[in-house]
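> The amino acid sequence is not available; the structure is as follows:
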């Protein structure tokens, strides 16, 4: 049997399967900073406020002077942000704040409503400031759409990974953000996440393979689980003996082990899997609910309450020039991570 149920090219954003809603891979070759956390290069010719054209290999996105996404609301789902290079400054309507990067993961349950900003400060003024991240939206079931918002940091030093060598010595590195992999147990997701349900079978794995490496993707725990394999970097890989195109999204069989074999150059993959929630999805921009009435209510609530207000001096706060990674949680608890 063909191990690939369907396949297509990677778009913008990447196509996802239930329980996931959205996945985007941002890669920006930001230049040197100007000392004010923005790029030390003219912004003329860019559509400031809506800059997604990738001029010179980077974007300002919705930022005005600093790249990123100033304060914006969410309701009814979760964001999982995996930063592979660079730094993100987070601030939200709960009063939580963070600077994270270098493999850190932020997992944010929007629940009944949150406003947050995600800014990309360019701290280095004597060198380029490359940024690479995944942002993944994971749906919440109807019973959890209106839970309390929850801010979680998974620090890179704590996120488990499996590094194995095949018979020829070629290595495969699997970063395990969610979902148990053999004996490797991930960090706990937020308490109201679909990933926290015992039978959700949610997994988020980032796979890096050396040239010629072989690694077996295990079967899922449940027959209903779906799995997508995103082949975003490399050339010449096969899965279960079937060739897969570079820069492709592949919906895979999940009932048997599948041998993933890499080609002649390094390769990278993202796996998103989970048991479908199987409920109606109604989305209007940053709100994802189960009915049009709930969407109208989300807009009304945001207009009336601002989902708790905005405790920051502007909509695009940056946390200074110290590169130390940190998180300040609701209630005042502070974590700091060097390097």
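Received, thanks. As the structure is a prediction and not an experimental result, all values here were calculated from the model.

> got a pLDDT number for residue 168?
Looking at residue 168, its pLDDT reads 96.

> Could you pull up the contacting residues of it?
212, 214 (Cβ atoms under 8 Å, 6 or more residues apart in numbering). Yep, even glycine has a C-beta here, placed from its N, CA and C like the rest.

> those strands in the stretch 151-300 of the chain, which residues are they?
161-165, 171-178, 203-209, 214-217, 226-233, 238-239, 242-243, 248-252, 258-261, 267-274, 282-284, 287-289 (DSSP state E, counting those that start in this stretch).

> Adding mean pLDDT and mean neighbour count, write those strands out as TSV.
Shown next, in TSV, are the strands of the stretch 151-300 of the chain (pLDDT from 0 to 100; neighbours: other Cβ atoms under 10 Å):
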stretch	mean pLDDT	mean neighbour count
strand 161-165	96	14
strand 171-178	98	21
strand 203-209	98	23
strand 214-217	97	19
strand 226-233	97	21
strand 238-239	97	18
strand 242-243	96	12
strand 248-252	97	20
strand 258-261	98	20
strand 267-274	98	24
strand 282-284	97	15
strand 287-289	98	24
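
> can you tell which of those is closest to residue 78?
Taking Cβ to Cβ, strand 287-289 is the member of the strands of the stretch 151-300 of the chain nearest to residue 78, at 9.9 Å.

> Take the strands of the stretch 151-300 of the chain and write them to TSV, including distance to residue 147.
Below are those laid out as TSV (distance: least, Cβ to Cβ, whole Å):
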stretch	distance to residue 147
strand 161-165	30
strand 171-178	18
strand 203-209	20
strand 214-217	32
strand 226-233	24
strand 238-239	37
strand 242-243	41
strand 248-252	29
strand 258-261	35
strand 267-274	18
strand 282-284	18
strand 287-289	13
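
> Could you check how far the residue nearest to the spatial centre of the chain is from residue 14?
Nearest to the mean C-alpha position of the chain, by Cα atoms, centre = their mean, lies residue 135 at 2.6 Å. Going from residue 135 to residue 14 by Cβ to Cβ, to the nearest Å gives 11 Å.

> can you list residues touching both of those two?
With Cβ under 8 Å, 6+ apart, residue 135 and residue 14 have common neighbours 23, 24.

> for the stretch 51-200 of the chain, what are the low-confidence residue spans?
Within the stretch 51-200 of the chain, not a single segment meets pLDDT under 70.

> Now do the helices in it.
Taking DSSP state H, counting those that start in this stretch, the stretch 51-200 of the chain contains no helices at all.

> if I look at the residue lying closest to residue 217 once chain neighbours are set aside, how far off is residue 165?
Residue nearest to residue 217 in three dimensions, not counting chain neighbours: residue 258, with 4.6 Å by Cβ to Cβ, 6 or more residues apart in numbering. Here residue 258 is placed at a distance of 19 Å from residue 165 (Cβ to Cβ).

> Residue 265 now?
As for residue 265, its distance to residue 165 is 18 Å (criterion: Cβ to Cβ).

> what's the answer for residue 72, then?
Applying Cβ to Cβ to residue 72 and residue 165 gives a distance of 44 Å.

> which residues sit in contact with the residue nearest to residue 217?
Residue 258 touches 3, 216, 217, 239, 240, 252, counting by Cβ under 8 Å, 6+ apart.

> residue contacts, the fifth one?
Shown in contact with residue 240 (Cβ under 8 Å, 6+ apart): 2, 3, 4, 253, 258, 259.

> Does the third one touch residue 244 like I think?
Meaning residue 4. Yes. Contact criterion Cβ atoms under 8 Å: residue 4 and residue 244 qualify, at 6.9 Å.

> and for those two, which residues touch both?
residue 250.

> separation between residue 66 and residue 257?
Taking Cβ to Cβ, one finds residue 66 at 46 Å from residue 257.

> Which one of these two is surrounded by more residues?
Neighbours per residue (other Cβ atoms under 10 Å) separate residue 66 from residue 257, with residue 66 holding more: 22 against 10.

> Torsion angles phi and psi at that one?
In terms of degrees, to the nearest 10, the main-chain angles of residue 66 are phi -120, psi 130.

> Any figure for the gap between it and residue 60?
8 Å.

> Could you do residue 49 as well?
8 Å.

> and the two? which has more neighbours close in?
More neighbours surround residue 60 than the other of residue 49 and residue 60, with 25 against 11 (other Cβ under 10 Å).

> Surely that one is in contact with residue 67?
Yes. Between residue 60 and residue 67 there is a contact under Cβ under 8 Å: 5.0 Å.

> any residues in contact with both of those two?
Both residue 60 and residue 67 are in contact with residue 39, where contact means Cβ under 8 Å, 6+ apart.

> so who does the residue nearest to residue 292 when sequence neighbours are not counted touch?
Distances taken as Cβ to Cβ, 6+ apart place residue 282 nearest to residue 292, at 5.9 Å, with adjacent residues excluded. Neighbouring residues of residue 282 by Cβ under 8 Å, 6+ apart: 288, 289, 290, 291, 292, 294, 295.

> Out of those residues, flag the one nearest to residue 99.
Of the contacts of residue 282, the one sitting nearest to residue 99 (Cβ to Cβ) turns out to be residue 288, at 27.3 Å.
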